[in-house]
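**Q** Sequence first, predicted model second:
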2 protein chains.
Amino acid sequence: MSTSKQAVTARRGRPGYDQQTVLQIAVDVFNRHGYEATSMGILAENLGISKSAIYHHVPSKEDLLRLALDEALGGLEGVWADGRSKDGSAVQRLSFVIKAILRVLATRLPYVTLLLRLRGNTDMEQAALARRRDFDHRLADLVRMAQAEGSVRGDIDPRLISRLVFGTINSIVEWYKPGGTLSVDELITNVYQIIARGMYSDGDD
Amino acid sequence: MSTSKQAVTARRGRPGYDQQTVLQIAVDVFNRHGYEATSMGILAENLGISKSAIYHHVPSKEDLLRLALDEALGGLEGVWADGRSKDGSAVQRLSFVIKAILRVLATRLPYVTLLLRLRGNTDMEQAALARRRDFDHRLADLVRMAQAEGSVRGDIDPRLISRLVFGTINSIVEWYKPGGTLSVDELITNVYQIIARGMYSDGDD
């Protein structure tokens, strides 16, 4: 705070507002109002700072969206970077991947919510949706391998199974309240049991 | 077409455009652009008619939304009006209700898509969401009865089970293409089998 430029910056922002906090609040506003319908003015109002103070944190609304989508996609892609997604039988890998995806959703809920509601109106959104599709294909491949192994029921198209698995998992963003009565671990255990029994050949959990 | 008023009306519209066709096209536009972001001007452009010609069919954009939501909610509420939702064991009723909901979704897909994306920004939208919640509670009650009967697994909260059932069912609006390779009957059979095995105590379909 020795130069006058920094003093101006400090006056503009609020104490304790770093980029991550601005991002969290912005994502919350995007999810409530819709990304397209949210102007920088609405964001400034929700942050309690001036429009020019937002530009101190991020150059544009699209940058906020990009940062938010990276939180979601980075978390999801981290699942495949984990060795447990690569080692063992297909059904062991599938079990790890489904539980790990559930954990990313539960712990990065607002970011994943934003990702799931994306319409693909811009090149940047299209790029995010392409990363999401790549992720979907990896799960479908794993379901196919588990079918070949005999551990996932063979009477239903693996693409349909993986779509329904994602459908079930993704639906938690509509109602799950982090910090509520259902802990993240209970959520993962229960949702996994329902999905597993629906999908596996022997009907076991 | 005997009065001049009707003649004017006929000139304004397009041959074969009745309210139902206008509604279908409008719902398609709402689903692509988002309801809020769709102006009467955008609708007119997509219909290939003038803005004033739209007002001949419906008084306002909100009336189009109301008609569309009635298509979705009317279909869903029809499930509970059917005697098969009331007769027999809880598990028989649950089986009928899940398959019947799947059929409504598959055959009224654009209308249900619009309903599921509703944010509740107006009183009318709030009223539609209240009807949807009522519907959700009925399913949760039926799951609870089937648990008491011993046919649905008792180790997981019935509200969580019914949320996941709805999550799985509702997710089909994201990818199902009516008229494609997967028929409505195949869709219902396959999705029901996955849901049923995940949910029922004996793991049977």
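**A** Sure thing, it's come through.
**Q** Contacts for the strand or helix carrying A:R93 next, please.
**A** Assigned by DSSP states H and E, A:R93 falls within helix A:90-107. Contacts to helix A:90-107, defined as Cβ atoms under 8 Å, 6 or more residues apart in numbering or on different chains, come from residues A:72, A:75-76, A:78-80, A:82, A:84-87, A:112, A:139, A:142-143, A:145-146, A:148-149, A:151-152, A:165, A:169-170, A:172-173, A:176, A:178, A:184, A:187-188, A:191-192, A:195-196, A:200. (C-beta placed from N, C-alpha, C; glycine too.)
**Q** So for stretch A:180-197, mean pLDDT?
**A** What stretch A:180-197 shows for mean pLDDT is 95.
**Q** Ok, stretch A:58-73 next?
**A** Mean predicted confidence for stretch A:58-73 is 94.
**Q** do it and chain B meet at all?
**A** No: counting by Cβ under 8 Å from any Cβ of the partner chain, chain B has no neighbours in stretch A:58-73; the shortest distance is 15.3 Å.
**Q** ok, and for that stretch, which residues are buried?
**A** A:V58, A:K61, A:D63, A:L64, A:L65, A:L67, A:A68, A:L69, A:D70, A:E71, A:A72, A:L73 (16 or more other Cβ atoms under 10 Å in any protein chain shown).
**Q** Helices - which of the residues you listed land there?
**A** Per DSSP state H, helices hold the following members of the buried residues of stretch A:58-73: A:K61, A:D63, A:L64, A:L65, A:L67, A:A68, A:L69, A:D70, A:E71, A:A72, A:L73.
**Q** can I get these in CSV with distance to A:I161?
**A** Output for these, formatted as CSV (distance: Cβ to Cβ, whole Å):
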residue, distance to A:I161
A:K61, 38
A:D63, 37
A:L64, 35
A:L65, 31
A:L67, 33
A:A68, 30
A:L69, 27
A:D70, 29
A:E71, 28
A:A72, 23
A:L73, 23
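**Q** measure A:D134 to chain B for me?
**A** 16 Å (Cβ to the nearest Cβ, to the nearest Å).
**Q** quick one: the longest helix along chain A to chain centroid distance?
**A** When chain A is parsed with DSSP H, its longest helix is helix A:123-149. Helix A:123-149 sits 14 Å away from the centroid of its parent chain (Cα atoms, centre = their mean, to the nearest Å).
**Q** who are the neighbours of that helix, in terms of helices and strands?
**A** Judged by 3 or more Cβ pairs under 8 Å, 6 or more residues apart in numbering or on different chains; DSSP states H and E, helix A:123-149 is in contact with helix A:61-81, helix A:90-107, helix A:158-170.
**Q** from the ones you listed, which stretch is densest packed?
**A** Here the criterion is mean neighbour count by mean count of other Cβ atoms under 10 Å in any protein chain shown, and of those the winner is helix A:158-170, at a mean of 22.
**Q** by contact count, what packs against the next helix-or-strand element following it?
**A** Sequence-wise, the next helix or strand downstream of helix A:158-170 (DSSP H and E) is helix A:184-199. Packing partners of helix A:184-199 (3+ Cβ pairs under 8 Å, 6+ apart): helix A:90-107, helix A:158-170, helix B:158-170, helix B:184-199.
**Q** Now do the contacts for the closest residue to A:V112 other than its chain neighbours.
**A** Distance criterion Cβ to Cβ, 6 or more residues apart in numbering or on different chains; nearest residue to A:V112, sequence neighbours excluded, is A:A72 at 4.7 Å. Neighbouring residues of A:A72 by Cβ under 8 Å, 6+ apart: A:V104, A:R108, A:Y111, A:V112, A:L114, A:L115.
**Q** export the helix holding A:R93 as PDB, just CAs?
**A** Only the C-alpha atoms of helix A:90-107 are listed here, as PDB (Å, rounded to 0.1, in the frame of the first residue of the first chain):
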ATOM      1  CA  ALA A  90     -13.300 -52.100 -15.400                       C
ATOM      2  CA  VAL A  91     -15.900 -52.400 -12.600                       C
ATOM      3  CA  GLN A  92     -13.400 -51.300 -10.000                       C
ATOM      4  CA  ARG A  93     -12.400 -48.300 -12.100                       C
ATOM      5  CA  LEU A  94     -16.100 -47.500 -12.800                       C
ATOM      6  CA  SER A  95     -16.800 -47.600  -9.100                       C
ATOM      7  CA  PHE A  96     -14.000 -45.200  -8.300                       C
ATOM      8  CA  VAL A  97     -14.900 -42.900 -11.200                       C
ATOM      9  CA  ILE A  98     -18.600 -42.600 -10.300                       C
ATOM     10  CA  LYS A  99     -17.900 -41.900  -6.600                       C
ATOM     11  CA  ALA A 100     -15.200 -39.400  -7.500                       C
ATOM     12  CA  ILE A 101     -17.500 -37.600  -9.900                       C
ATOM     13  CA  LEU A 102     -20.200 -37.400  -7.200                       C
ATOM     14  CA  ARG A 103     -17.600 -35.900  -4.900                       C
ATOM     15  CA  VAL A 104     -16.600 -33.200  -7.400                       C
ATOM     16  CA  LEU A 105     -20.300 -32.300  -7.900                       C
ATOM     17  CA  ALA A 106     -21.000 -32.100  -4.200                       C
ATOM     18  CA  THR A 107     -17.900 -30.100  -3.400                       C
END
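**Q** Throw the helices and strands packed on helix A:123-149 into CSV and include distance to B:G34, thanks.
**A** Listed next are the helices and strands packed on helix A:123-149 as CSV, based on distance: least, Cβ to Cβ, whole Å:
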stretch, distance to B:G34
helix A:61-81, 16
helix A:90-107, 23
helix A:158-170, 19
